[in-house]
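> Next one to model:
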Amino acid sequence: MGKKCSKSKKGTVMKMKTFIGLITASLLISFCTWIEIDANAADDHVRFEHLTPEDGLSGKFIPSILQDKQGFIWFASNSGLNKYDGNEFTVYVHNPEDLHSLSYSEINTLYEDHKGTLWVGTTNGLNRLDRASDRFSRYTLNG
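This next block holds a predicted model:
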């Protein structure tokens with residue numbers, strides 16, 4: 001017969017599993033982003049244009065860039081997530097009054113999975129963009 005755990009022990013175990021899951025997801029996203037950048041480096045059709053905050057980019061520090069399957073270019077910055085359509089930027093930031101905004105505005109990494117879902121790693125958790133509603137689902141240690 002198994003041992004019964006108290007609610008506090010179950011809560012601690014669940015928090016630890018969540019923490020390990022977030023760390024694993026973050027490492028996976030970082031690794032996949034590195035592979036994505038390395039694979040795109042060989043593409044002969046890459047065209048670079050200099051973009052700055054004067055063009056609408058929300059920050060100067062850009063730790064991750066991703067071009068998605070739809071052709072948008074996403075920039076992770078220290079001041080938000082930037083979507084570039086070739087002409088203008090759409091900037092996504094954390095809004096404490098909106099539970100469907102990013103969990104935090106400091107973006108560390110970006111990843112698009114095989115289904116075309118955009119995943120955003122912030123200093124405060126993982127976020128999934130629902131492209132149909134243009135809203136985020138948050139996955140944080142705090143729930």
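> gap between the closest residue to residue 88 other than its chain neighbours and residue 116?
Nearest residue to residue 88, sequence neighbours excluded (Cβ to Cβ, 6 or more residues apart in numbering): residue 56, at 6.1 Å. No exception for glycine: its C-beta is placed from N, CA and C like everyone else's. Counting by Cβ to Cβ, to the nearest Å, the gap from residue 56 to residue 116 is 24 Å.
> okay, these two: which has more neighbours?
The residue with more neighbours, out of residue 56 and residue 116 and counting by other Cβ atoms under 10 Å, is residue 56; that gives 14 against 10.
> Per-residue pLDDT of the more buried one, please?
In this model, residue 56 is scored at 74, pLDDT.
> what's it in contact with, if anything?
82, 88-89, 91 (Cβ atoms under 8 Å, 6 or more residues apart in numbering).
> how close does it get to residue 89?
From residue 56 over to residue 89 the distance is 4 Å, taken as Cβ to Cβ.
> now the strands for the chain?
64-67, 73-77, 80-84, 89-92, 107-112, 118-122, 125-130, 135-139 (DSSP state E).
> possible to save these as JSON lines with mean pLDDT?
Formatted as JSON lines, these follow (pLDDT from 0 to 100):
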{"stretch": "strand 64-67", "mean pLDDT": "94"}
{"stretch": "strand 73-77", "mean pLDDT": "94"}
{"stretch": "strand 80-84", "mean pLDDT": "94"}
{"stretch": "strand 89-92", "mean pLDDT": "95"}
{"stretch": "strand 107-112", "mean pLDDT": "95"}
{"stretch": "strand 118-122", "mean pLDDT": "96"}
{"stretch": "strand 125-130", "mean pLDDT": "95"}
{"stretch": "strand 135-139", "mean pLDDT": "95"}
